[in-house]
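Novice: Need a 3D model of the sequence below.
(2 chains, ligands or ions: 3)
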Amino acid sequence: MTYAADTLAQLEKDAAEILGRYPVRRSALLPLLHLVQSVDGYVSPDGIAFCATQVELTSAEVSAVATFYTQYKRRPNGEYQVGVCTNTLCAIMGGDEIWRRVSEHCGVGHDETTPDGKITLERLECNAACDYAPVMMVNWEFFDNMTPDRALRVVDDILEGRDVVPTRGSAKVAPFKEVSRVLAGFEDGRADEDQGIGEPTVVGLKVAREQGWEASK
Amino acid sequence: MTDLTPVLSATWDAEQSWKLGTYEEHGGYGALKKALGMPPADIIQAVKDSGLRGRGGAGFPTGMKWGFLPPDDGKPRYLVVNADESEPGTCKDIPTMLSAPHVLVEGVAITSFAIGCNHAFIYLRGEVVHVYRRLMQAVREAYEAGHLGKDIHGSGYDLDVTVHAGAGAYICGEETALLDSLEGRRGQPRLKPPFPAVEGLYARPTVVNNVESIASVPSIVDKGVDWFTSMGTERSKGMGLFSLSGHVNKPGQYEAPLGISLRELIDMAGGMRGGKELKFWTPGGSSTPLFTAEHLDTPLDYESVGAAGSMLGTRALQIFDETTCVVRAVTRWTEFYKHESCGKCTPCREGTFWLAQILERLEDGHGTDADIQQLLDTCDSILGRSFCALGDGATSCITSSVKLFREEYEAHVQQGGCPFDHSAAALFDYASAETAEEAHA
Ligand SMILES: Cc1cc2nc3c(=O)[nH]c(=O)nc-3n(C[C@H](O)[C@H](O)[C@H](O)COP(=O)(O)O)c2cc1C
Ligand code: SF4
Ligand code: FES
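Specialist: Ligands and ions are numbered 1, 2, ... in the order given. Below is the predicted model of the structure:
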C-alpha cells in the first residue's frame, strides 16, 4: 500500500467504525469498498489491499467481490457519475433519446469518462423511480421527468463547474468521492435538505384527501 | 368504486415528514410502546391473524414466516429488511423510506422484539444516496429518543439496527443472495433448504422481509387485526402501495386495499395519456406476465391476478399505450435479465444471453419466423430449471407477449424492421429518424 501516513490513519479509523457495525468482520466489506472509493475515486489496487487487510481476506478474494457490483469502479471515476435510465419504462418514455443526446454531447459512451475527468456516463437499470420517468441519476441523486434539453443543461452545468441540483434530494449533488463516503455509512449532515415532495409520490394521497377518503380508524 | 386508504403514505405531505418529531406528532412509536407490553407470541399471532402477506413479490404470509423460526437457543437471530428495490417498475419502497423512514424503523423494532432479535439490518440498494441519508438519520434519531438501543423504554429489551448500502446488483434483492451480499460476498443465491428461517445470516435463524411488509406492522399493532382485515379481499388482506408508471396522466403512488382494479386506478390517475388506448401492462413488475385491456377489471389481489395468469408481485403497474412496440419493451427487459443474471446456473446465464440475441435481431428486423419459436423453446429450457426465480421471471414477458402479440413479432420479420415510431411513445417531441440506431446494452 502506498497511502500517505495520515490518509492511512484516517482510513483505519473509519474502517474501525465500519467494522464495529457488524458482528462478523467480512460483512464490512461492501461499505469498506465504498470507503476506498471515497478516497481514491475508484477501487484502486491500494484500496483492495487495504480492504483485504481489514476483513482478513486475500486481495484476490476482495477483487472477486468488488467486480460483482456495478457501483465499484475499476478505473478512476469521473467526479460526477451521470446515469440515464434505459430500462424499458424509462427508455420508452424517452430515456433512449435522452441517452443518445447526452452520450453524443459528452462524446463518450457507457462506462466511459470525459477527458477532463468530470463525467462518467452510464446506462442505468431501473432506479426505482419509474413514476418519474424518464429518470436520470447524478451521483445517485434523482433527476426526475427529464427531457433531452433538461438533461443537457445538467451535463453542461457539470462540465462548466456549476453546482447541479436534483429534483428530489439534497440541495446540490456532492462529488463522487463525498457520496461514496456517505455510502460507506457516514452521515454528512444533509439528510434534512429537501427539494419538496415530488408530485407522483403524493398523487394518491391528494386524490384521497380531495375525496375525503381515509383508512378507517 | 374502491376508496384509497392512505396508511403508510398518510404523512408523506407533512412538513419534514421524514423527521422523528413529525412522525411522533402523528402517533408514531405508539405501536412500539404497545408492543413492548405484549408477549412476543401475541404480536406474531396478530400478524398471522391480520393475513398480512409479504409485499416484496412472492406474497408469503408474514406471520407464518416469523413462526418458522426455531425455538430460541439463546444465540443470535436476525431480522434483515430487504430494501433492495430493483425489480423494474417497482418504486414504492424508495418513496416510503425517503418520506417516512420512521415507519420502517418502528416496524423493525416491533418485528425484532416479536422474533427475539437484538440486531437487525436494513439492506438498502446503494444507488439512492438521499434515501440512505434519511434512513441513517432516522435510526440515529430513534436511538437518541430511546426507541432503539439498550433497555428500550425500560422494557429490558435491547436492539441495534444497522443500515447497510449495497453496491448495484439486482440479484441482491433475492433473499439468499442478499444474505450472501450482507456477509461481504458476491451476491449469489443459496440453495434452499435450508431456508433463512433456519440458517440465514451467519447461518443463524433469520427473517427476511420487504420494506413495505415491515412498515405495515406498526399499523396492525396500533389499530388491530379487525381494522387491517376490513381492507382487501378474502385472502389478500390489507392495503398496499400501487405504483402507476408509464402512459397515464398522473403516474405515482396510490395506496389502496388489495383488490382494487387497474380501471379504477387509471381513472384516479386522470386516464391514459392523450386519451390513447391501453395496450399492455405489468401487474407486478417486469417478472410478471403481461396483461392487456382485457384485464382492466381483474381485482388486483394475489388470487385473482394468479387466476388470470400473472402475479401480483410488487404491484408495479407499468402501463403502455398503443404507441408502444411490445417487442422493443420485451427486448429491453430481456437485456436487463441478461445483464443481471448472476451466472451461477447455466439455464439462466446462457438462456438469457441467447434470448437477448434473438430478441435484438427480431426488433432490428433481422429475425425470422423460426426465431419466434426459438424464443419459446429457450424460455422452456429456463423456466423451472433455474436455480432462483430470476431465471423464471426472465421468461414471463417473453412467453406472455408472444401469446398476446404474436402478430407483432411477425410484423417485425415481414417488414424487416420495427413498425413503430419510437418517438410517438416518448413524453417529449423529437425527430425519431435520429434514434434509428438504438444502442443495445
Ligand atoms: C431476482 C429477485 C429479486 C428480488 N428483489 C427483491 C427486492 O428488491 N425487494 C424485496 O423485498 N424482495 C425482492 N425479492 C423477493 C425476496 O427474495 C423475498 O421473497 C422477499 O424479500 C421476502 O419479503 P416479503 O415476504 O416481506 O415479501 C426478489 C426476488 C428475486 C428472485
Ligand atoms: S437463475 Fe440466474 S440469477 Fe438465479 S442463480 Fe441462476 S444464474 Fe443466478
Ligand atoms: S425504468 Fe427507469 S426508473 Fe424504473
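Novice: If you tally nearby residues, what's the number for A:A174?
Specialist: By other C-beta atoms under 10 Å in any protein chain shown, the residues close to A:A174 number 22. Where C-beta positions appear, they are placed from N, C-alpha and C, glycine not excepted.
Novice: how near is it to ligand 2?
Specialist: Distance check for A:A174 against ligand 2: by C-beta to the nearest ligand atom, to the nearest Å, it reads 33 Å.
Novice: these two touch, right, that residue and A:N139?
Specialist: Yes. Using C-beta atoms under 8 Å, A:A174 is in contact with A:N139, at 6.4 Å.
Novice: How about residue 70: what's its closest non-neighbour residue?
Specialist: All of this is about chain A. Among residues not flanking A:T70 along the chain, B:G168 sits closest, at 3.7 Å (C-beta to C-beta, 6 or more residues apart in numbering or on different chains).
Novice: please go with chain B instead
Specialist: Nearest one to B:P70, counting by C-beta to C-beta, 6+ apart, is B:P205 at 5.7 Å.
Novice: right, and that neighbour touches B:V198 too?
Specialist: Yes. In terms of C-beta under 8 Å, B:P205 counts as a neighbour of B:V198; the distance is 6.2 Å.
Novice: pLDDT below threshold where in chain B?
Specialist: Scanning chain B for pLDDT under 70 picks out the ranges B:432-441.
Novice: and the longest helix seen in it, anywhere near chain A?
Specialist: Identified as the longest helix of chain B according to DSSP state H is helix B:389-415. No. Taking C-beta under 8 Å from any C-beta of the partner chain as the criterion, helix B:389-415 and chain A are apart, separated by no less than 8.7 Å.
Novice: what about the residue nearest to B:P70, distance to B:H164?
Specialist: For B:P205, the distance to B:H164 (C-beta to C-beta, to the nearest Å) stands at 19 Å.
Novice: and what of B:A215?
Specialist: Here the criterion is C-beta to C-beta. By it, B:A215 lies 18 Å from B:H164.
Novice: try B:F320
Specialist: Taken as C-beta to C-beta, the span from B:F320 to B:H164 is 35 Å.
Novice: residue ranges of the strands in chain A, please?
Specialist: With DSSP state E as the criterion, chain A has strands at A:80-85, A:112-113, A:119-124, A:136-138, A:141-143.
Novice: Tell me which of those strands approaches B:H412 most closely.
Specialist: For B:H412, the closest of those is strand A:119-124, at 23.0 Å, according to C-beta to C-beta.
Novice: show me what contacts the closest residue to B:Q16 other than its chain neighbours?
Specialist: Distances taken as C-beta to C-beta, 6+ apart place B:T22 nearest to B:Q16, at 5.4 Å, with adjacent residues excluded. Applying C-beta atoms under 8 Å, 6 or more residues apart in numbering or on different chains, we find B:T22 in contact with B:T11, B:A14, B:E15, B:Q16.
Novice: Look up phi and psi at whatever residue of chain A ends up closest to ligand 1.
Specialist: For chain A and ligand 1, the shortest gap (C-beta to the nearest ligand atom) falls at A:A128, measuring 8.6 Å. The phi and psi values for A:A128, taken as degrees, to the nearest 10, are phi 60, psi 40.
Novice: Am I right that it is in contact with B:T96?
Specialist: No. If you go by C-beta under 8 Å, A:A128 and B:T96 don't touch, sitting 10.7 Å apart.
Novice: which one of these two has more residues nearby?
Specialist: More crowded of A:A128 and B:T96, by other C-beta under 10 Å: A:A128, with 28 against 24.
Novice: Please determine how far that one is located from B:S230.
Specialist: 30 Å.
Novice: need the residues of chain A near ligand 3, please.
Specialist: Contacts of chain A with ligand 3, taken as C-beta under 6 Å from any ligand atom, map to A:C85, A:N87, A:L89, A:C90, A:C126, A:N127, A:A129, A:C130, A:A133, A:V135.
Novice: Flag every residue of the stretch 1-150 of chain B that's near ligand 1.
Specialist: Counting by C-beta under 6 Å from any ligand atom, the residues of the stretch 1-150 of chain B close to ligand 1 are B:G54, B:R55, B:G56, B:G57, B:A58, B:F60, B:T62, B:N82, B:D84, B:E85, B:S86, B:E87.
Novice: Show me which strand runs longest in chain B.
Specialist: The single longest strand within chain B, with elements called by DSSP E, is strand B:239-246.
Novice: partner strands of that strand, parallel or antiparallel?
Specialist: strand B:252-257 (antiparallel), strand B:316-321 (parallel) (DSSP bridges).
Novice: Buried deepest among the ones you listed, which one?
Specialist: Greatest average neighbour count among these goes to strand B:316-321 (a mean of 28), per mean count of other C-beta atoms under 10 Å in any protein chain shown.
Novice: buried stuff in stretch A:108-127?
Specialist: Using 16 or more other C-beta atoms under 10 Å in any protein chain shown as the burial criterion, the residues of stretch A:108-127 that qualify are A:108, A:110, A:113-114, A:118-127.
Novice: returning to what we had before: any idea which of the residues of the stretch 1-150 of chain B next to ligand 1 is closest to A:I197?
Specialist: Nearest member of these to A:I197, counting by C-beta to C-beta, is B:E85, at 18.5 Å.
Novice: doesn't B:M311 fall inside a helix?
Specialist: No. Using DSSP: H, G, I helix; E, B strand; the rest coil, the secondary structure at B:M311 is coil, not a helix.
Novice: quick one: the closest residue to it other than its chain neighbours from B:E87, how far?
Specialist: Nearest residue to B:M311, sequence neighbours excluded (C-beta to C-beta, 6+ apart): B:T288, at 4.3 Å. Separation of B:T288 from B:E87 (C-beta to C-beta) stands at 9 Å.
Novice: hey, what's in contact with both of those two?
Specialist: Applying C-beta under 8 Å, 6+ apart, one finds that B:T288 and B:E87 are jointly contacted by B:G313.
Novice: Just give me the neighbour total for B:T314.
Specialist: B:T314: 32 surrounding residues under other C-beta under 10 Å.
Novice: Give the helix, strand or coil label for the residue lying closest to it once chain neighbours are set aside.
Specialist: The shortest distance from B:T314 to any non-neighbouring residue, by C-beta to C-beta, 6+ apart, is to B:T90 (4.3 Å). What three-state DSSP gives for B:T90 is coil.
Novice: Relative to B:C172, how far out is the closest residue to ligand 2 within chain A?
Specialist: Residue nearest to ligand 2 within chain A: A:F68 (11.4 Å; C-beta to the nearest ligand atom). Counting by C-beta to C-beta, the gap from A:F68 to B:C172 is 9 Å.
Novice: Which of these two has more residues huddled nearby?
Specialist: Between A:F68 and B:C172, counted using other C-beta under 10 Å, the more crowded position is B:C172 (30 against 21).
Novice: do you know how far the more buried one is from ligand 3?
Specialist: Look at B:C172 and ligand 3: by C-beta to the nearest ligand atom, they are 17 Å apart.
Novice: residues contacting the closest residue to that residue other than its chain neighbours?
Specialist: With sequence-adjacent residues excluded and distances taken as C-beta to C-beta, 6+ apart, B:C172 is closest to B:G187, at 3.9 Å. B:G187 makes contacts with A:F68, A:Y69, B:G166, B:A169, B:I171, B:C172, B:E174, B:A177, B:L178, B:D180, B:S181, B:C342, as judged by C-beta under 8 Å, 6+ apart.
Novice: and the residue of chain A closest to ligand 1, what does it touch?
Specialist: Neighbour list for A:A128: B:E85, B:S86, B:T90, B:C91, B:D93, B:I94, B:R125, B:V128 [criterion: C-beta under 8 Å, 6+ apart].
Novice: So B:H295 sits against B:L262, correct?
Specialist: Yes. At 7.0 Å, B:H295 and B:L262 qualify as touching, with contact defined as C-beta under 8 Å.
Novice: Looking only at neighbour counts, state which of these two leads.
Specialist: Regarding B:H295 and B:L262, a neighbour count based on other C-beta under 10 Å identifies B:L262 as having more, with 24 against 21.
Novice: For A:T2, the count of nearby residues, please.
Specialist: By other C-beta under 10 Å, the residues close to A:T2 number 9.
Novice: close to chain A, is stretch B:118-127?
Specialist: Yes. Using C-beta under 8 Å from any C-beta, we find that stretch B:118-127 touches chain A at B:H119, B:R125, B:G126, B:E127.
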